[in-house]
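Engineer: kindly generate the corresponding structure for this input.
(one chain, ligands or ions: 1)
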Amino acid sequence: MSEERKTRVRFAPSPTGYLHLGNARTALFNWLFARKRDGDFILRIEDTDQRRSTKAYEESLLRDLRWLKLDWDEGPDTGGAYGPYRQSSRMKLYRNYAHQLVKDGAAYPCFCPPEETDARREEMSSRGEPYRYDGCCRKLSPSRRRALADRGLKPALRFKVRPGEVSVRDLVRGEVKFDSSLLGDFVIMRPDDRPAFNFAVVLDDGLMEITHVIRGEDHLPNTPRQLLLYEALGLPPPRFAHLSLVMSPERKPLSKRRGDYSIHSFQTRGYLPEAVANYLALLGWSPPGREEIFSLKQMVGKFSLEALSPSSAIFDQTKLDWVANSHIRLQDPQRLTDLALPFLKKTGFTKDVVADKKYRWLQQVVETIRDEISCLSQVADYAPIFFQEESIPEEELAAELADDPRKIKMIVRLEESLAAAVPPVPANFWDKLFSRLQDDTGLDGKKLFPLLRLILTGRRRGPELKKILPLLPYELALKRARRAREMTGR
Ligand code: GLU
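Structural biologist: The predicted structure follows:
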């Protein structure tokens, strides 16, 4: 393969499930590689399995890729010079090439009933042995073939595997050698005229002039078969990079049909797309230097296949949340507020129409809680501080009060001062009130502030109190102080 060829890579999902962290990472690495080399990123839909492929899955794949901002240069919706980009629209092409291989003597019709070969495969795999077709129909004479075909039997087409070694020079795993005699002649066209997976992939990659195939290592066993097909078809093979798999924390491969690790589920929880992309990249890629928080554009600059690890990557929620929080901190306040709005609405915090003044206040609320959260659905944990008349947890207040009788006096004073104030309270109101409370009760800051936080926000933890108070509606603060006083019985 000449190095001058323009880099062309592809992401080739089968629309039989949702885009999950594992296949989204494959898409991302392909995209980064293409963008880094000013190449093309192609989206191809591998929908030859018509029983399991659905239009809805295809649409969700495209939607999720767009959400991650992985744009493609050619694909089923955008078209391109190498189309069509859906395998179901390329059936004629697979048939023509398969028949050419038969004519050339590189493939032959196989009349073995699929039930028989399937049963044999199952039997072997139950014994833990790899299945290999015994080559029975390779030896059929032309007249015998004609006779079987005349009986109306529909043959599969099998590829004649040449003996010898097939070596894959993988860009992640180094050289991997296969003994082709262990492969057996494999099917390239099924009796119903559908191409087998390996055959369709090779023709597509070959004819679409793909230069690098970057995909999951579960496809490594397919690669020797694919290389043999390139040889027979006279197409230059691409270079291969097989990525380690992404595993769940229980060390199981991620499933396309179970939703937990789907990209959509991260979207609905309000993770930012740039955070998900950044986290995905760190699953198996070691960026140069110590920095780990990147925009897509920054990743393009730093990405290389050589820095990918061959060992499997395990999903780590804590790390994702750290990356996601870092991106939330970096967001432009207005964009973050706009993105948080749908989640705030779900909490009942704000109606559909947000008036200008309220929007500014809302933006400040979001600014106040942004450091605490990793995804925007978590605003529901903190937003109630600013609008809900939630009660103060009784047991926690009782525990707070147990160690110092001066605390009850403080609560009485707090309620009295708030009741006496005339809203809107001035900016320095809270500072002045707190130093007065300290003077009156003799409580030091260590005892005073945790208690004030519990009373005024209804919880022990959260954003800094001094950031919350200017945004806390005065009536709400008064109600909470009143409730705390009632709880003390004074
Ligand atoms: N369609 C295959 C899949 O979804 C990918 C094929 C390939 O990358 O070669 O696993």
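
Engineer: just the helices in the stretch 251-400 of the chain please.
Structural biologist: For the stretch 251-400 of the chain, applying DSSP state H, counting those that start in this stretch gives helices covering 263-268, 273-282, 296-302, 317-330, 333-346, 356-369, 379-382, 384-387, 394-402.

Engineer: what's the offset of the last one from the middle of its chain?
Structural biologist: Right, helix 394-402. 43 Å (Cα atoms, centre = their mean, to the nearest Å).

Engineer: check contacts around Trp285.
Structural biologist: 29, 303, 307-309 (Cβ atoms under 8 Å, 6 or more residues apart in numbering). The C-beta positions use only the backbone N, C-alpha and C, and glycine is treated the same way.

Engineer: same for the helix or strand where Tyr97 lies, what does it pack against?
Structural biologist: Assigned by DSSP states H and E, Tyr97 belongs to helix 91-103. If you count contacts as 3 or more Cβ pairs under 8 Å, 6 or more residues apart in numbering; DSSP states H and E, helix 91-103 packs onto strand 107-110, strand 156-159, strand 186-189, helix 197-207, helix 223-233.

Engineer: work out for me the element Ile214 sits within.
Structural biologist: Applying DSSP H and E, one finds Ile214 within strand 212-216.

Engineer: what's the angle from that strand to helix 223-233?
Structural biologist: In terms of direction (axes from the mean of the first three to the mean of the last three Cα atoms, to 10 degrees), strand 212-216 departs from helix 223-233 by 150 degrees.

Engineer: show me what contacts the residue of the stretch 301-450 of the chain found nearest the ligand?
Structural biologist: The stretch 301-450 of the chain approaches the ligand most closely through Leu305 (15.2 Å), counting by Cβ to the nearest ligand atom. When contacts are counted by Cβ under 8 Å, 6+ apart, Leu305 touches 29, 33, 171-172, 214, 241.

Engineer: any idea how far apart the tips of stretch 7-26 sit?
Structural biologist: 17 Å (Cα to Cα, to the nearest Å).

Engineer: does that stretch come close to the ligand?
Structural biologist: Yes - Stretch 7-26 reaches the ligand (Cβ under 6 Å from any ligand atom) through 12-14.

Engineer: of these, just say which sits nearest to Leu245.
Structural biologist: Pro13 (15.4 Å; Cβ to Cβ).

Engineer: now the angle from the helix or strand harbouring Arg483 to helix 394-402?
Structural biologist: Here Arg483 sits within helix 474-488, counting by DSSP H and E. Between the axes of helix 474-488 and helix 394-402, defined by the same axes, to 10 degrees, the angle is 70 degrees.

Engineer: restricting to C-alpha, output helix 474-488 in CSV.
Structural biologist: Only the C-alpha atoms of helix 474-488 are listed here, as CSV (Å, rounded to 0.1, in the frame of the first residue of the first chain):
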residue,chain,number,x,y,z
TYR,A,474,-35.6,35.7,51.6
GLU,A,475,-39.1,34.2,52.3
LEU,A,476,-37.6,30.8,52.0
ALA,A,477,-34.8,31.5,54.5
LEU,A,478,-37.4,32.9,56.9
LYS,A,479,-39.6,29.8,56.6
ARG,A,480,-36.7,27.5,57.2
ALA,A,481,-35.5,29.4,60.3
ARG,A,482,-39.1,29.3,61.6
ARG,A,483,-39.3,25.6,61.1
ALA,A,484,-36.0,25.1,62.9
ARG,A,485,-37.2,27.2,65.8
GLU,A,486,-40.4,25.1,66.0
MET,A,487,-38.4,22.0,66.1
THR,A,488,-36.5,23.3,69.1
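
Engineer: helices or strands up against it?
Structural biologist: Here helix 474-488 touches helix 394-402, helix 406-420, helix 445-457, going by 3+ Cβ pairs under 8 Å, 6+ apart.

Engineer: can you list these in TSV and add distance to the ligand?
Structural biologist: Shown next, in TSV, are the helices and strands packed on helix 474-488 (distance: least, Cβ to the nearest ligand atom, whole Å):
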stretch	distance to the ligand
helix 394-402	51
helix 406-420	62
helix 445-457	48
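
Engineer: got the ones you listed as JSON lines, with mean pLDDT and distance to Ala98 columns?
Structural biologist: Shown next, in JSON lines, are the helices and strands packed on helix 474-488 (pLDDT from 0 to 100; distance: least, Cβ to Cβ, whole Å):
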{"stretch": "helix 394-402", "mean pLDDT": "90", "distance to Ala98": "73"}
{"stretch": "helix 406-420", "mean pLDDT": "96", "distance to Ala98": "83"}
{"stretch": "helix 445-457", "mean pLDDT": "94", "distance to Ala98": "70"}
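
Engineer: out of those, nearest to Phe197?
Structural biologist: helix 445-457 (57.2 Å).

Engineer: and that closest one with helix 474-488, angle?
Structural biologist: 110 degrees.

Engineer: mind listing what's buried in helix 445-457?
Structural biologist: By 16 or more other Cβ atoms under 10 Å, the buried positions in helix 445-457 come out as 447-448, 451-457.

Engineer: and these, which is closest to Glu231?
Structural biologist: Thr457 (69.7 Å).

Engineer: surely Trp430 is within a helix?
Structural biologist: Yes - assessed by DSSP: H, G, I helix; E, B strand; the rest coil, Trp430 belongs to a helix.

Engineer: that one: how many residues sit nearby?
Structural biologist: When neighbours are counted by other Cβ atoms under 10 Å, Trp430 registers 19.

Engineer: now it: closest residue in space that isn't a chain neighbour?
Structural biologist: Leu469 (4.7 Å; Cβ to Cβ, 6 or more residues apart in numbering).

Engineer: what sits against that neighbour?
Structural biologist: Applying Cβ under 8 Å, 6+ apart, we find Leu469 in contact with 430, 456, 477.

Engineer: will you turn those into JSON lines that also has distance to Ala149?
Structural biologist: As requested, the contacts of Leu469 are arranged in JSON lines below (distance: Cβ to Cβ, whole Å):
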{"residue": "Trp430", "distance to Ala149": "91"}
{"residue": "Leu456", "distance to Ala149": "86"}
{"residue": "Ala477", "distance to Ala149": "88"}
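
Engineer: measure the residue in the stretch 151-300 of the chain that the ligand sits nearest to to Tyr57 for me?
Structural biologist: Closest residue of the stretch 151-300 of the chain to the ligand, Cβ to the nearest ligand atom: Arg215 (3.6 Å). Per Cβ to Cβ, to the nearest Å, Arg215 is found 18 Å from Tyr57.

Engineer: try Leu454
Structural biologist: 49 Å.

Engineer: and what of Leu448?
Structural biologist: Remark: distance between Leu448 and Tyr57 (Cβ to Cβ) = 57 Å.

Engineer: also Phe303?
Structural biologist: 28 Å.

Engineer: any idea how far apart the tips of stretch 137-152 sit?
Structural biologist: Per Cα to Cα, stretch 137-152 runs 17 Å from first to last residue.

Engineer: pLDDT on that stretch, on average?
Structural biologist: For stretch 137-152, the mean pLDDT works out to 95.

Engineer: which residues sit against it?
Structural biologist: 108-112, 155, 158, 160, 185.

Engineer: pull out the buried residues from it.
Structural biologist: 137, 140, 145, 148.

Engineer: and what of stretch 411-419?
Structural biologist: 411-415, 417-418.
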